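Participant: What follows is a predicted structure for the sequence shown.
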Protein chains: 2
Amino acid sequence: MLLKLLALCLFTFLIYIPIAEARIRHYKWEVKYEYKSPDCYKKLVTTINGKSPGPTILAQEGDTVIVEVTNKLLLENLAIHWHGIRQIGTPWSDGTEGVTQCPVVPGDTFKYEFKVDRAGTYLYHAHYGMQRESGLYGSIRVSVPDNFTEPFAYDYDRSIILTDWYHKSTYEQAIGLSSIPFVWVGEPQSLLIQGKGKFNCSSASLTTDTCNTTNPECSPYAITVIPGKTYRLRVASLTALSALSFQIEGHNMTVVEVDGNYVEPFVVKNLFIYSGETYSVLIKADQDPSRNYWMTTNVVSRPPNTTQGLGFLNYYPNHPRRSPPTVPPTGPIWNDAAPRLNQSLAIKAHHDFIATPPTTSDRVIVFLNTQNRINGYVHWSVNNVSFTLPHTPYLIALKKKLHHVFSQIPPPEGHDFVNYDIYNVSKNPNATTSNAIYRLGFNTTVDIILQNANTMNVNNSETHPWHLHGHDFWVLGYGEGKFDMNKDPKNYNLVNPIMKNTVPLHPYGWTALRFKADNPGAWLFHCHIEPHFYTGMGVVFEEGIDKVGKLPSSIMGCGETKGFEKP
Amino acid sequence: MLLKLLALCLFTFLIYIPIAEARIRHYKWEVKYEYKSPDCYKKLVTTINGKSPGPTILAQEGDTVIVEVTNKLLLENLAIHWHGIRQIGTPWSDGTEGVTQCPVVPGDTFKYEFKVDRAGTYLYHAHYGMQRESGLYGSIRVSVPDNFTEPFAYDYDRSIILTDWYHKSTYEQAIGLSSIPFVWVGEPQSLLIQGKGKFNCSSASLTTDTCNTTNPECSPYAITVIPGKTYRLRVASLTALSALSFQIEGHNMTVVEVDGNYVEPFVVKNLFIYSGETYSVLIKADQDPSRNYWMTTNVVSRPPNTTQGLGFLNYYPNHPRRSPPTVPPTGPIWNDAAPRLNQSLAIKAHHDFIATPPTTSDRVIVFLNTQNRINGYVHWSVNNVSFTLPHTPYLIALKKKLHHVFSQIPPPEGHDFVNYDIYNVSKNPNATTSNAIYRLGFNTTVDIILQNANTMNVNNSETHPWHLHGHDFWVLGYGEGKFDMNKDPKNYNLVNPIMKNTVPLHPYGWTALRFKADNPGAWLFHCHIEPHFYTGMGVVFEEGIDKVGKLPSSIMGCGETKGFEKP
């Protein structure tokens, strides 16, 4: 009887294997600088195989993705992060310079290899200094297994990435941020939809060689739709700075997926989206098919000083470059935080796909988000500590027990909460720097309270989209004002909280997260705004480092990891 | 008796030791990008401890120089070459990216350590892509031992470096050179004397924030002299492209040292100087002391399209910013090659310091200098081979016997000399790339014939200053036209040839060199013009690799040299 059962088991196993057979998706990329005019203004752009955004990675749940990246950036290194991919078992492929790997030097080829273990909408982008904003980014679309039915229907699947765009190089921007007096990057010169925008060339005294609005490189991006069909539009943001509102003229959007997780569908006229987030929305091409419609992006949460981003929803067979006959829809009022908080609150896990969170946590860490000053330099920080990276990546340092390469003094678990006035400029904005990390008990449950506050300017609190590497977290709650450790946890949503990897912290508000520290490795958790993270707004978690497999030598080459290892 | 002699010997030895005691000259440098206005135009400049040119290294013959360089260039690597220092016993400190080391990644500190075994005038500069021209360079001045008298007298010692200056970044320039259609870097925007020049801000529509001729950063460089005194002026060129003529209004210059070697003194009104060369000239402050005098640089050998470089010879106590009352002296006619060849021919070793060359050589290698095309891209090359660097530096690859990392097919020893028409554009300008190297028998004598030719433009042949790492060479002769292997060697100067490390190859001419392959290591020999070497005009010599000591792990980190080596 037992033998029969075993035989049946084996048989079933053998039958199912061909169906579930995972494929290898192999990409070879060459990354270089090229002159491009994404918003009509010509400048050096970082391209992948000649394109920015780079190629969309298409894979199916369970596949293995291999990307061999050759660095042709002349004197500049690179590292590429696979945003939303948890890298279970492959923490060295997370692509986070200084955390999981040394940067890839020019001439070298780095092989990223990881399993896409869950369908959904993800991203990839440079994760080295502020390199991302020079154009090194793209989409990852992981489809469901063959035998799986999603909780919504659509005819076609499309991806777009929204960004903001600067004319200064990352070097020029970073030098300003690290200077006394501080030189802020300012508002972006344009907003791009899938790598295309429109700068007002006449606003500056520029030659047509440098700036030309008739350049086809900067004609608005168009999504062509067939009248009557339903489209799943995967919308992602990789802005350097801006929080955006996205809208399609005359079309409602039904949100169905967020950061790779199904949500209880809800309809929006405009979608608020923060850097690092991904959304799948369904749109039906049910409007007058004789014309095209505007897609627009607008800056919110900061006083906008950038003309809106424009694209076309192109109803076939109209010409994809035919402008809609209307005025592009404007976005919502930039400084009304209520609808943004409401959208955050509206997102719940789909009732058929609820991953119930643990009811209690083993540890609560509070991160007070502030802008600070250190020796006269401006830094963003958490708990008055501005994060810096060590010269030997954490993953290697931890695994090889190189305790001297980063501070072993534990970073703070919180701040003087009782006395801190989040509504005013701190009386003493001075902070310190540290490269210390948070070491988490393996498989423990950790709560993170993100607490916003005032910046160093009166009546100013910013939106910070926080992104966690290596995990999804449950979003247990959002609130306005100061988090109350006694009251607020009682209102946590433990029934159907959405899981995400990027979440906004709203101005003067708080956001509560929970996650299981179940993925051996070293993982960054940081504000996804480039100048904020660049100047220190991030932390690193370690968990189960002893369970990490043999590190590939390809991640080494910096700090204390130079040498010749016989294969 | 023998014992007594031995005792005397020992005694003498002990007496002399304190006099000859070598010191350690320890420098700590931080290299970063900063906004500077060297020619009044504001752009990112690579600085050392906040300065470009960087600090002058002052040492005495026999000293050990230690420079700990910390890379703060954000995303960009670096490597620093000690130009003219032979690095005997320390080939890993030559600072040649791809040849002797991996690049130093941001955050890392690299320790260069070498002996300055010979008094003279040397240079240091970035040796990574075209990084040098972004401002990373400076002077090395090695004084004679205490008990040594030089063959000339002077009161004071001063150093200046002449450069040309571009407003585009090295990235922008390099992208143009590697593009189809080819985008040439063009003539420089200005000529700098010790890091200061003057761009005509009104020529472009620039704001005073970007370009301001009253900015003190770009006030002309002034050498202050005391009337009646004699100055040793160490003049060096590190131009990216330009051959220069240097003159000091109303003052003759007596050339006494060239590339660290004493020469038979000769007097010039203007000094022709090529990128990579150093000269010591004596000038006497014997003119009317009530005014200042112009120092000027002018482009020669190319149609000049850059206003001359200006500095002041400031007679104390006149104000160092007081303009001379005269019109700055113009340089010689740019396209008259005869006086340039004559200066080259005039330089002979000082009669008391002749290093007699071997009378014969073991091997003769001919390097035909051409401009070529490879798959539509423009390259400079030698013998129709355009040089490329492997991903694992040669020094490591050779020592560790990693034969697969570069081509093992020997590169050509010459070209079809009989049939090649050096006066016309090649009928077939196509070339190939290779990273193969020339392996020289240890301690053998090698002759190099540099043969110039026409570029891909009619009636055009360029000046190429060739620089050899790790050695000085004897300059046996220069000639016009095609080198005659049967006749020309008979006219070699084997009596008092000068030794140099950088030598010009004049348009349509040839230059013959001889050197002893007596320095174990891997050594670059290349045209010192940045865009020429960048696109392939160079070769590598290997000699005595088995005699090279243990390689420091600090030079590793790229290609196949990533790993963790326990100390």
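Facilitator: Great, that's in hand.
Participant: what about the strands in the stretch 1-150 of chain A?
Facilitator: A:24-36, A:43-48, A:57-60, A:64-72, A:80-83, A:109-115, A:120-126, A:137-143 (DSSP state E, counting those that start in this stretch).
Participant: quick one, which of these is packed in tightest?
Facilitator: Of all the strands of the stretch 1-150 of chain A, strand A:80-83 has the most neighbours on average by mean count of other CB atoms under 10 Å in any protein chain shown, namely a mean of 27. Placement of C-beta: from N, CA and C, glycine included.
Participant: Name every strand pairing with that strand and say which way it goes.
Facilitator: If you go by DSSP bridges, strand A:80-83 pairs up with strand A:120-126 (antiparallel).
Participant: First-to-last residue distance for stretch A:368-385?
Facilitator: 10 Å (CA to CA, to the nearest Å).
Participant: and that stretch, what's its mean pLDDT?
Facilitator: Per-residue pLDDT over stretch A:368-385 has a mean of 97.
Participant: close to chain B, is it?
Facilitator: No: counting by CB under 8 Å from any CB of the partner chain, chain B is not contacted by stretch A:368-385; separation bottoms out at 13.6 Å.
Participant: Which residue comes closest to the closest residue to chain B within the stretch 351-500 of chain A once chain neighbours are left out?
Facilitator: Nearest to chain B in the stretch 351-500 of chain A, going by CB to the nearest CB, is residue A:391, at a distance of 4.4 Å. In this structure, residue A:391 finds its nearest non-sequential neighbour in residue A:559, 3.8 Å apart by CB to CB, 6 or more residues apart in numbering or on different chains.
Participant: Tell me if I'm right that that neighbour and residue A:101 touch.
Facilitator: No: contact between residue A:559 and residue A:101 fails when scored by CB atoms under 8 Å: they sit 11.2 Å apart.
Participant: For these two, list the residues in contact with both.
Facilitator: Common neighbours of residue A:559 and residue A:101, using CB atoms under 8 Å, 6 or more residues apart in numbering or on different chains, are residue A:393.
Participant: Which one of those two is surrounded by more residues?
Facilitator: residue A:101 (31 against 22; other CB atoms under 10 Å in any protein chain shown).
Participant: On the pLDDT front, check the residue of the stretch 201-350 of chain A found nearest chain B for me.
Facilitator: Nearest to chain B in the stretch 201-350 of chain A, going by CB to the nearest CB, is residue A:205, at a distance of 5.4 Å. At residue A:205, the model reports a pLDDT of 75.
Participant: Return the backbone torsion pair for it.
Facilitator: Taking degrees, to the nearest 10, you get phi -80, psi 80 for the backbone angles of residue A:205.
Participant: how about it, what does it touch?
Facilitator: So residue A:205 contacts residue B:205 (CB under 8 Å, 6+ apart).
Participant: mind running it again at 10 Å?
Facilitator: A:211, B:205-207 (CB atoms under 10 Å, 6 or more residues apart in numbering or on different chains).
Participant: Could you identify which of these has the most neighbours?
Facilitator: Most crowded among these, counting by other CB under 10 Å, is residue A:211 at 23 neighbours.
Participant: List the beta-bridge partners for it.
Facilitator: With DSSP bridges as the rule, residue A:211 is bridged to residue A:41.
Participant: What's the local residue count around residue A:547?
Facilitator: 12.
Participant: Leaving out sequence neighbours, find the closest residue to it.
Facilitator: residue A:520 (3.9 Å).
Participant: does that neighbour really touch residue A:92, like I thought?
Facilitator: No: under the criterion of CB atoms under 10 Å, residue A:520 makes no contact with residue A:92, lying 11.1 Å away.
Participant: Between those two, which contacts overlap?
Facilitator: Joint contacts of residue A:520 and residue A:92 (CB under 10 Å, 6+ apart) are A:399, A:548-549.
Participant: follow-up on the earlier one: can I take it that the residue nearest to residue A:391 is in a helix?
Facilitator: No: counting by DSSP: H, G, I helix; E, B strand; the rest coil, residue A:559 is not part of a helix but coil.
Participant: can you list the weak-confidence ranges in the stretch 351-500 of chain A?
Facilitator: Along the stretch 351-500 of chain A, segments meeting pLDDT under 70 are nowhere present.
Participant: Residue numbers of it in contact with chain B?
Facilitator: A:388-392, A:396, A:399-400, A:402 (CB under 10 Å from any CB of the partner chain).
Participant: can you rerun that using 6 Å?
Facilitator: A:391, A:400 (CB under 6 Å from any CB of the partner chain).
Participant: May I see the buried residues of stretch A:152-160?
Facilitator: A:154, A:158-160 (16 or more other CB atoms under 10 Å in any protein chain shown).
Participant: That stretch: end-to-end distance?
Facilitator: 20 Å.
Participant: just to revisit the earlier point, from the shared contacts of residue A:520 and residue A:92, which land in strands?
Facilitator: Judged by DSSP state E, strands contain none of these.
Participant: Pull out the buried members of these.
Facilitator: Using 16+ other CB under 10 Å, the buried ones in those are A:399, A:548.
Participant: neighbours of residue A:267, just the number please.
Facilitator: With other CB under 10 Å as criterion, residue A:267 counts 11.
Participant: Let me know the helix or strand that residue A:396 is in.
Facilitator: Following DSSP states H and E, one finds residue A:396 within helix A:394-399.
Participant: which of the residues in the following helix or strand past that helix are buried?
Facilitator: Downstream of helix A:394-399, the next assigned helix or strand under DSSP H and E is strand A:432-434. Residues of strand A:432-434 classed as buried by neighbour count (16+ other CB under 10 Å): A:433-434.
Participant: what does stretch A:355-368 give?
Facilitator: A:357, A:361, A:365-368.
Participant: Same check on stretch A:86-95?
Facilitator: Quick answer for stretch A:86-95 (16+ other CB under 10 Å): A:86-95.
Participant: That stretch and chain B, are they touching?
Facilitator: No: judged by CB under 6 Å from any CB, stretch A:86-95 and chain B are separated, with a smallest distance of 12.1 Å.
Participant: So for the residue nearest the centre of chain A, what's the pLDDT?
Facilitator: When CA atoms, centre = their mean is applied to chain A, the residue found nearest the centroid is residue A:276 (2.1 Å). Predicted confidence (pLDDT) for residue A:276: 98.
Participant: Next: residue A:6.
Facilitator: pLDDT, residue A:6: 54.
Participant: What of the one 3 residues further on?
Facilitator: Among the per-residue scores, residue A:9 holds a pLDDT of 49.
Participant: got a list of what the residue lying closest to residue A:546 once chain neighbours are set aside touches?
Facilitator: Sequence neighbours aside, residue A:520 is the residue nearest to residue A:546 in space, at 7.7 Å (criterion: CB to CB, 6+ apart). Going by CB atoms under 6 Å, 6 or more residues apart in numbering or on different chains, residue A:520 touches A:544, A:547-548.
Participant: the strands in the stretch 251-400 of chain A, which residues?
Facilitator: Under DSSP E, counting those that start in this stretch, the stretch 251-400 of chain A gives strands at A:253-258, A:261-268, A:270-273, A:278-284, A:293-300, A:309-315, A:363-374, A:377-382, A:385-387.
Participant: so how far is the last one off the chain centroid?
Facilitator: Its chain's C-alpha centre and that of strand A:385-387 lie 20 Å apart, by CA atoms, centre = their mean, to the nearest Å.
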